[in-house]
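Peer 1: any chance you can model this:
(chains A and B)
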Amino acid sequence: MAMTMTQKILAAHAGLDKVEAGQLILVELDRVLGNDITSPVAIREFNNMGIKDVFHKDKVTMVMDHFAPNKDIKAAVQCKMCRDFCSEKEITHFYDVGKMGIEHALLPEKGLVVAGDVVIGADSHTCTYGALGAFSTGVGSTDMAVGMATGKAWFKVPSAIKFVLTGKLNKYVSGKDVILHIIGKIGVDGALYRSMEFTGEGVKSLSIYDRLTICNMAIEAGAKNGIFEADEEALRYIEEHSERKPVIYTADPDAEYDEVIEIDLSSIKSTVAFPHLPENTRTIDEVGDVKIDQVVIGSCTNGHYKDIEEAAMIMKGKTVAKNVRAIIIPATQDIYLRAMENGLLKIFIEAGCVVSTPTCGPCLGGHMGILAPNERAVATTNRNFVGRMGDVTSEVYLASPAVAAASAIAGKIADPAKI
Amino acid sequence: MIFTGKVLKYGDNVDTDVIIPARYLNTIDKKELASHCMEDIDKEFTKKVQPGDIMVAGANFGCGSSREHAPIAIKESGISLVIAESFARIFYRNSINIGLAILECPEAAKAISNGDEVEADLDRGIIFDKTTGEKFETKPFPAFIEKIINCGGLVEAIKKGEIK
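Peer 2: Below is the predicted model:
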């Protein structure tokens, strides 16, 4: 039977010639990931299993990014628990303050994921690595614990929706607008339990960073994973960042899809998701007059160098509106350094922004930019649920770095083309 | 396994941020997590919930974050079973993995009202609303999943050698 890209990767890692949607399989893992809030639960469960060593010291990764640098004593205790565990188990890829970045920007940058890999992470946005042609998906802490112990995870083989991309994105429109557009179209459970496979002529015009952003938010449509076939652009990125050899899995031409959706990239406008669901999308010309109190540019979704640069180019020589706090969070140390060397941090600081060390921080209402009652933020993050960034009456509007930067200057949600 | 309890009902897209807000994720203490369960959607939840109560909700229950703290908080608060029209996939597997009983049944989730007395037979996939007398059927779990649930979660299943 013909298979999708995802099914082929899963079959290969289950030691099977073929798999079909709905089949329960046990899969070999290339990487098991956790962060400072999910790993402590996993460590407790790992210890509860009475197993001494992790399955592979190089294949377990922990990144202290959510509440780090430690936001309070309890967060410090959780990070210490991870640090002590990684030290005791001699885990190679432990990333602490000074080395850490936001996990899903950090792992591709460090070359820890290549095409053809199967990766589980105790973080829902682990689906990001589909941009590199890997099968990657978010799981919970118990799966992480069992993954660390056995190097395996159970999966139900997903069916898939195929997105055929055509055309090219317009100026100021990026991967964030593409994925918000798609979620607006199919809904927050539109891809529930399924893969989102992105293909078509339009893919080659998308940078690897656009693809990382698109796959990152596949979970926001309920998907198990999002995936692009690794093309020249992806292979170039992988070669620049990793010594490991990628394996390319291509969908069979006659693979069955639950649905095929065509997306003309040139028709997509800057898109904003209104509170309190990522599916509540409006194009920039439909947003109306929405005054804001805060802008956050960063996160695993949009904290890449390209995102920071796009925001800087819009803010250059301009000033953040009165009564707006603009918080810029480069996702990794490398991105921070490049932004500094290329003068981007100067642009932000002169515009009246604050530039933070890498952290997930405000995205999940952790620290570094919490909202007061009834405040509104435009954020390049991924979720706008009730209370996500602070008080239950506060509001988060999800947007691209270009829209967020333009909004910071205008003091209300704004079209970057008009700034 | 048979569960009987009073229903606490919620709507569609109940996300993990309202089940357990991220500001409380600086602990892994189960009791402490349970003390904030559902806080951002229903401030009275922790006062109302009685051991054995059944949570009923709409579509895409548990969407959002992968935090296992969410099913842990629900389980620890005394909820014996969650019935929903559908579950977000990470919440679904997390519940199975930690041994929180769940059932996907759109008809039951729609028909059952807040406060109803419900009896559910997990093995047979039968849900009975004792208040209204309505009966609903859903697909039982595949044998592999049932094995994990019956062991009390994935870690216990591995410790017992049920899964290798």
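
Peer 1: tell me the secondary structure at the most centrally placed residue in chain B.
Peer 2: Nearest residue to the geometric centre of chain B (C-alpha atoms, centre = their mean): residue B:82, 3.0 Å. When classified by DSSP: H, G, I helix; E, B strand; the rest coil, residue B:82 comes out as strand.

Peer 1: so residue A:230 is in contact with residue A:133, correct?
Peer 2: Yes: counting by C-beta atoms under 8 Å, residue A:230 touches residue A:133, with 3.1 Å between them. The C-beta positions use only the backbone N, C-alpha and C, and glycine is treated the same way.

Peer 1: what do those two both touch?
Peer 2: A:115, A:116, A:246, A:248 (C-beta atoms under 8 Å, 6 or more residues apart in numbering or on different chains).

Peer 1: which residues touch the residue nearest to the centre of chain B?
Peer 2: B:54, B:55, B:56, B:57, B:61, B:74, B:95, B:100, B:101, B:102, B:103 are the contacts of residue B:82 under C-beta under 8 Å, 6+ apart.

Peer 1: among those residues, who's most crowded?
Peer 2: Of all these, residue B:61 has the most neighbours under the rule other C-beta atoms under 10 Å in any protein chain shown, reaching 31 neighbours.

Peer 1: look up phi and psi at it.
Peer 2: Dihedral pair for residue B:61: phi -60, psi 130, per degrees, to the nearest 10.

Peer 1: which residues does it bridge with?
Peer 2: Counting by DSSP bridges, residue B:61 is bridged to residue B:87.

Peer 1: and it, how close does it get to residue A:219?
Peer 2: 15 Å (C-beta to C-beta, to the nearest Å).

Peer 1: any stretches of chain B with poor pLDDT?
Peer 2: By pLDDT under 70, the low-scoring segments of chain B are B:164.

Peer 1: let me see the ranges of the strands in it.
Peer 2: B:2-9, B:54-57, B:81-84, B:101-104, B:117-121, B:126-129, B:134-137 (DSSP state E).

Peer 1: okay, those strands, which one's buried deepest?
Peer 2: Each of these was assessed for mean neighbour count using mean count of other C-beta atoms under 10 Å in any protein chain shown. The highest is strand B:81-84, with a mean of 26.

Peer 1: in its sheet, which strands sit next to that strand, and in what direction?
Peer 2: Strand pairing for strand B:81-84, using DSSP bridges, gives strand B:54-57 (parallel), strand B:101-104 (parallel).

Peer 1: can you tell me which of those comes nearest to residue A:91?
Peer 2: Nearest of these to residue A:91, taken as C-beta to C-beta: strand B:101-104 at 32.7 Å.

Peer 1: how about the nearest residue to residue A:166, chain neighbours excluded?
Peer 2: Spatial nearest neighbour of residue A:166, chain neighbours left out: residue A:202 (4.7 Å); criterion: C-beta to C-beta, 6 or more residues apart in numbering or on different chains.

Peer 1: meant to ask about residue A:315
Peer 2: When the adjacent residues along the chain are set aside, residue A:315 lies closest to residue A:351, with 4.5 Å between them (C-beta to C-beta, 6+ apart).

Peer 1: isn't that neighbour right up against residue A:314?
Peer 2: No: contact criterion C-beta under 8 Å: residue A:351 and residue A:314 do not qualify, at 9.6 Å.

Peer 1: got a list of what residue A:251 touches?
Peer 2: Counted by C-beta under 8 Å, 6+ apart, residue A:251 has contacts A:3, A:4, A:5, A:8, A:162, A:197, A:199, A:229.

Peer 1: ok, it to residue A:115 distance?
Peer 2: Residue A:251 is 14 Å from residue A:115, by C-beta to C-beta.

Peer 1: residue numbers of the stretch 201-350 of chain A in contact with chain B?
Peer 2: A:219, A:222, A:224, A:277 (C-beta under 8 Å from any C-beta of the partner chain).

Peer 1: run a quick neighbour tally on the first one.
Peer 2: Other residues near residue A:219 number 32, with proximity taken as other C-beta under 10 Å.

Peer 1: surely it and residue A:127 touch.
Peer 2: Yes: at 5.3 Å, residue A:219 counts as touching residue A:127 under the criterion of C-beta under 8 Å.

Peer 1: give me the below-cutoff pLDDT ranges for the stretch 51-200 of chain A.
Peer 2: Judged by pLDDT under 70, no stretch of the stretch 51-200 of chain A qualifies at all.

Peer 1: helices of that one, start to end?
Peer 2: A:73-88, A:103-109, A:141-150, A:175-186 (DSSP state H, counting those that start in this stretch).

Peer 1: tell me the angle the longest one makes with helix A:141-150.
Peer 2: In this case it means helix A:73-88. Orientation check (axes from the mean of the first three to the mean of the last three C-alpha atoms, to 10 degrees): helix A:73-88 against helix A:141-150 gives 20 degrees.

Peer 1: I'd like to know which elements helix A:73-88 is packed against.
Peer 2: helix A:39-48, strand A:60-63, strand A:93-95 (3 or more C-beta pairs under 8 Å, 6 or more residues apart in numbering or on different chains; DSSP states H and E).

Peer 1: tell me the buried residues in it?
Peer 2: Under the neighbour-count criterion of 16 or more other C-beta atoms under 10 Å in any protein chain shown, helix A:73-88 has A:74, A:75, A:76, A:78, A:79, A:81, A:82, A:85, A:86 buried.

Peer 1: kindly indicate which of the shared contacts of residue A:230 and residue A:133 lies nearest chain B.
Peer 2: Nearest to chain B among the shared contacts of residue A:230 and residue A:133 is residue A:116, at 22.5 Å by C-beta to the nearest C-beta.

Peer 1: what residue, apart from its backbone neighbours, is nearest the closest one spatially?
Peer 2: Residue A:116 sits nearest to residue A:247 (C-beta to C-beta, 6+ apart), 3.0 Å away.

Peer 1: distance check, that neighbour against chain B.
Peer 2: According to C-beta to the nearest C-beta, to the nearest Å, residue A:247 and chain B sit 25 Å apart.

Peer 1: what's around that residue, how many residues?
Peer 2: With other C-beta under 10 Å as criterion, residue A:247 counts 15.

Peer 1: and it, what pLDDT?
Peer 2: pLDDT for residue A:247: 98.

Peer 1: up against chain B, what does the stretch 1-150 of chain A have?
Peer 2: Along the stretch 1-150 of chain A, the residues adjacent to chain B under the rule C-beta under 8 Å from any C-beta are A:24, A:37-38, A:40-41, A:44-45, A:48-50, A:66-67, A:71-72, A:74-75, A:78, A:121-124, A:126, A:138-143, A:145-146, A:149-150.

Peer 1: now restrict these to buried residues only.
Peer 2: Of those, these count as buried by 16+ other C-beta under 10 Å: A:37-38, A:40-41, A:44-45, A:49, A:66-67, A:71, A:74-75, A:78, A:121-124, A:126, A:138-143, A:145-146, A:149-150.

Peer 1: which of the shared contacts of residue A:230 and residue A:133 tops the neighbour count?
Peer 2: Greatest neighbour count in the shared contacts of residue A:230 and residue A:133, by other C-beta under 10 Å, goes to residue A:115: 27 neighbours.

Peer 1: who's in contact with it?
Peer 2: Listed by C-beta under 8 Å, 6+ apart, the contact set of residue A:115 reads A:132, A:133, A:134, A:230, A:234, A:235, A:238, A:246, A:247, A:248, A:249.

Peer 1: find the nearest non-adjacent residue to the most centrally placed residue in chain A, please.
Peer 2: For chain A, residue A:216 is the residue whose C-alpha lies nearest the centre (C-alpha atoms, centre = their mean; 3.5 Å). If the residues on either side of it in the chain are set aside, residue A:216 comes closest to residue A:128, at 4.3 Å by C-beta to C-beta, 6+ apart.

Peer 1: got it, and residue A:253?
Peer 2: According to C-beta to C-beta, 6+ apart, the nearest residue to residue A:253 is residue A:2 (7.6 Å).

Peer 1: so how far is chain B from that neighbour?
Peer 2: From residue A:2 to chain B the distance is 24 Å (C-beta to the nearest C-beta).

Peer 1: same thing with residue A:369?
Peer 2: 13 Å.
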